[in-house]
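> Predicted model follows, preceded by the sequence.
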Amino acid sequence: MVLEAFRIFGVDCLNHFKGMFAFAVYQVQSKELFLARDPFGVKPLFYSISGGQLAFASELKTLTKMPGFDKNLNKKGLLSAVNYLWLPESVSMFEGVKKLQSGHYLKVKNHITDTPIPYYKPKRNTINRPLTETIELLDKQLNESIERHMVADVPVSTFLSGGLDSSLISVLAHKHNPNLSTYSINILAEDQIAEQMPDDAKYARQLAKKHGFNHHEVTITPQIVDYLPKMVYHLDEPIGDPAAINTYLISEEATKNGSKVLLSGMGADEIFFGYRRQMATLMAMQFQKLPKGLQKLSRWGAEQLPVQFAGRGFKPGRWAQRFTGFATLPPAQAYMRSYSYYNMDNIGELFNESMRMDKDELLEEHEVIFNNFYHGDIINQMCYTDTKMFMNGLNLTYTDRASMAASVEVRVPFIDKDLIEMAMSIPGEQKYHNKQAKGILKKVAEQYLPKNIVYRPKASFGAPIRSWISGSLKDMVNDLLNTQNLKNRGIFDPEFVASLIEDDRKGKRDNAYQIYELLTIELWFREFMD
């Protein structure tokens, strides 16, 4: 079908497609190679140009096996990985490798490679509709997207975390598959206590019982030491989000049960204003209106709070320290800092002198995206930025690679061209209806879900990372991130890393994700560089 569409429409075929894709077409007569990637970057496509030749693949590891491949490290890629825990699609870990950006195509003829050309530019203006009309349109678009994503020659199953997005997807998918299988993660009780995580599994069980889903639970055990190196290999890039392991384990369980296609609720938080950090950035704009003395006192108070207490995580301490770290910055910088793991002023201290690099480029790139559209609507500025950065660089990346490693195709109904264009036309105040994150989506969900699921507190699709870092991963931290190993690697300052680990173990700072990413980077170097 793709080939026939290309034959008939040429480049314009891309505007007729819906869904996820990355493909290449070689035209024998004209000797022209055509590469294209879907509008939102669900599927990966790496390419390398060296010695007048082009190589491309869906996996970075494939290119590294090419004869004469140049393994020069891209310092901007490393800086991005450290700062975000993932890499934006504008950069890779090797200087000689690029990613074809989402919504772009590339032509190569006679060894001459054109600049990638954008073919998809979503509408970036909001439409003031009555709330009831917005709810009806959104309901219609979501149901149509689900129906399209249920088309398959094998049974389609779903992720079911017990949160709003996956629950809504599952209930709507059930209309098309009465024998729907659902899969969720179950965290060990002791890890939930240490992490102060909500019990998501009970909400998934509640919904499964009500609708008669064929429900499966996968319990995450402390075998993280075995899974982490495997995930570094499959993810191709040093991605420091343990949610990739969740995805892999669920996909592995689905494969055992004969489920080869899973629907995910991914994308809803980005386009409907569902993240805590989005809310926190709104709060930061109000915080800046307080007297300077009160702002300073608040920052001092946050620094005094522990992040762990009596062996348990202390969320107020974690959240207060994180919030005051960006609460006084301008909107674009505040939002970037809300999901960065280092302050731009001191991130250079992490690196050895020989590895110091330009940090301003990251900030400038983020500000261009944040300030490009939706002026005066900070909610949609954040949502748009997330579709270009967080959704693309992290969520879609780890989901596709981790699931494909277990031979499962994950589909994302919220990341549908028609649905996203409709969602991004909704004014920010409707997305934040009644001061509720994802307020407009919750009004749609009320028609399908119990209110205790629709309006339950936000829970991330995460893993007990803090419990792991202080427990099952402690020996790996001591082994891979000790002073001698860091000196030998010559990238990170051993004293700075030691202080990160010490502050985390004493409960002074929540550095678990930074430490996890440093582990991931070291394992990535051993797999892809050494």
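Yes, it's here. Since the structure is predicted, the reported quantities are computational estimates derived from the model, not experimental observations. Numbers count the residues shown, from 1 in each chain.

> give me every residue that touches the closest residue to residue 58 other than its chain neighbours.
Excluding the flanking residues, the one nearest residue 58 by Cβ to Cβ, 6 or more residues apart in numbering is residue 44, at 5.5 Å. Every residue, glycine included, has its C-beta placed from N, CA and C. Shown in contact with residue 44 (Cβ atoms under 8 Å, 6 or more residues apart in numbering): 22, 58-59, 99, 236, 397, 400-401.

> Closest one to residue 269 out of these, please.
Nearest to residue 269 among those, counting by Cβ to Cβ, is residue 397 at 15.7 Å.

> contacting residues for the closest one?
44, 86, 235, 237, 239.

> Tell me the pLDDT of the nearest residue to the second one once chain neighbours are set aside.
Right, the one you point to is residue 86. Leaving aside its chain neighbours, residue 86 sits nearest to residue 394 (4.1 Å; criterion: Cβ to Cβ, 6+ apart). Residue 394 carries a pLDDT score of 97 in this model.

> How much space separates the nearest residue to residue 458 once chain neighbours are set aside from residue 315?
Leaving aside its sequence neighbours, residue 458 sits nearest to residue 276 (Cβ to Cβ, 6+ apart; 6.0 Å). In this view, residue 276 and residue 315 are 11 Å apart by Cβ to Cβ, to the nearest Å.

> So those two - more neighbours on which side?
Taking other Cβ atoms under 10 Å, residue 276 and residue 315 do not tie; residue 276 has more neighbours (17 against 13).

> Identify each buried residue in the longest helix along the chain, please.
If you go by DSSP state H, the chain has its longest helix at helix 131-149. Buried residues in helix 131-149, counted by 16 or more other Cβ atoms under 10 Å: 134-135, 137-139, 141-143, 145-146, 149.

> Output those as CSV; include the columns pLDDT and distance to residue 265.
Formatted as CSV, the buried residues of helix 131-149 follow (pLDDT from 0 to 100; distance: Cβ to Cβ, whole Å):
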residue, pLDDT, distance to residue 265
134, 97, 20
135, 97, 19
137, 97, 19
138, 98, 15
139, 98, 16
141, 97, 15
142, 98, 11
143, 97, 15
145, 97, 12
146, 97, 11
149, 97, 12
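
> Just name the closest of those residues to residue 498, please.
The nearest member of the buried residues of helix 131-149 to residue 498, counting by Cβ to Cβ, is residue 149 at 47.8 Å.

> Strands along the stretch 251-400 of the chain, start to end?
Assigned by DSSP state E, counting those that start in this stretch, the strands in the stretch 251-400 of the chain fall at 261-263, 308-309, 312-313.

> model confidence over the last one, on average?
The one in question is strand 312-313. pLDDT averaged over strand 312-313 gives 65.

> Repeat that for the second one.
This predicted structure assigns strand 308-309 an average pLDDT of 66.

> Likewise for the first one?
Looking at strand 261-263 alone, the average pLDDT works out to 97.

> Centroid-nearest residue for the protein?
The C-alpha lying nearest the average C-alpha coordinate of the chain belongs to residue 395 (Cα atoms, centre = their mean; 2.4 Å).

> how about the closest residue to that residue other than its chain neighbours, what does it touch?
Setting aside the residues directly before and after it, residue 395 is nearest to residue 266 in space (Cβ to Cβ, 6+ apart), at 5.3 Å. Shown in contact with residue 266 (Cβ under 8 Å, 6+ apart): 165, 391, 395-396, 399, 412, 414-415.

> Please enumerate the helices of the stretch 401-530 of the chain.
Using DSSP state H, counting those that start in this stretch, the helices of the stretch 401-530 of the chain run over 417-423, 428-431, 439-445, 451-454, 465-470, 474-480, 483-489, 494-505, 512-524.

> thinking again about what came up before, closest one to residue 230 out of the buried residues of helix 131-149, please.
residue 149 (28.4 Å).

> now the contacts of residue 397 in CSV, with pLDDT?
Formatted as CSV, the contacts of residue 397 follow (pLDDT from 0 to 100):
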residue, pLDDT
44, 96
86, 97
235, 97
237, 97
239, 97
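
> got a pLDDT number for the closest residue to residue 342 other than its chain neighbours?
Nearest residue to residue 342, sequence neighbours excluded (Cβ to Cβ, 6+ apart): residue 83, at 5.8 Å. Residue 83 is assigned 95 on the pLDDT scale.

> again with residue 457
At residue 457, the pLDDT value in this model is 83.

> just residue 353 next, same as before
At residue 353, pLDDT is 84.

> In stretch 225-244, which residues are buried?
Neighbour counts over stretch 225-244 (16+ other Cβ under 10 Å) mark 227-229, 231-232, 234-244 as buried.

> Okay, and which of those residues map to strands?
Using DSSP state E, no member of those falls within strands.

> Those residues in helices, which ones?
Per DSSP H, the subset of these in helices is 227-229, 231-232, 234-235, 243-244.

> Redo those residues as TSV? Include distance to residue 37.
TSV is the format used below for these (distance: Cβ to Cβ, whole Å):
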residue	distance to residue 37
227	29
228	29
229	29
231	23
232	24
234	20
235	18
243	23
244	21
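
> Closest to residue 319 out of those?
Checking these against residue 319 by Cβ to Cβ gives residue 243 as the nearest, at 19.3 Å.

> before we move on, the earlier item: determine how far the helix or strand hosting the residue nearest to residue 342 lies from the middle of the whole chain.
Assigned by DSSP states H and E, residue 83 falls within helix 75-84. Mean-position distance between helix 75-84 and its chain equals 15 Å (Cα atoms, centre = their mean, to the nearest Å).

> any residues touching it, and which ones?
Outside helix 75-84, the residues that touch it by Cβ under 8 Å, 6+ apart are 86-88, 91-94, 237-240, 339-342, 347, 350, 355, 357-359, 361-362, 389, 393-394, 491, 517, 521.

> buried set for the very next helix or strand once past that helix?
Toward the C-terminus, helix 75-84 is succeeded by strand 97-99 as the next helix or strand (DSSP H and E). Residues of strand 97-99 classed as buried: 97-99 (neighbour count, 16+ other Cβ under 10 Å).

> rewinding a little: make a PyMOL selection of whichever of the contacts of residue 266 turn out to be buried.
Burial among these is assessed by 16+ other Cβ under 10 Å; the matching PyMOL selection reads:
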select buried, resi 165+391+395+396+399+412+414+415
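
> which of the contacts of residue 266 sit farthest apart?
Maximum pairwise distance among the contacts of residue 266 (Cβ to Cβ): 14.5 Å, between 165 and 396.

> give the contact list for residue 332.
Neighbour list for residue 332: 366-367, 370-371 [criterion: Cβ under 8 Å, 6+ apart].

> If any of those are buried, give me the PyMOL selection for them.
Burial among those is assessed by 16+ other Cβ under 10 Å; the matching PyMOL selection reads:
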select buried, resi 366+367+370
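
> can you redo the contacts of residue 332 as a markdown table with pLDDT and distance to residue 251?
Converted to a markdown table, these look like this (pLDDT from 0 to 100; distance: Cβ to Cβ, whole Å):
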| residue | pLDDT | distance to residue 251 |
| --- | --- | --- |
| 366 | 95 | 31 |
| 367 | 95 | 36 |
| 370 | 96 | 33 |
| 371 | 94 | 38 |
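
> Same list (the contacts of residue 332) but as TSV, adding distance to residue 508.
Converted to TSV, the contacts of residue 332 look like this (distance: Cβ to Cβ, whole Å):
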residue	distance to residue 508
366	29
367	31
370	32
371	35
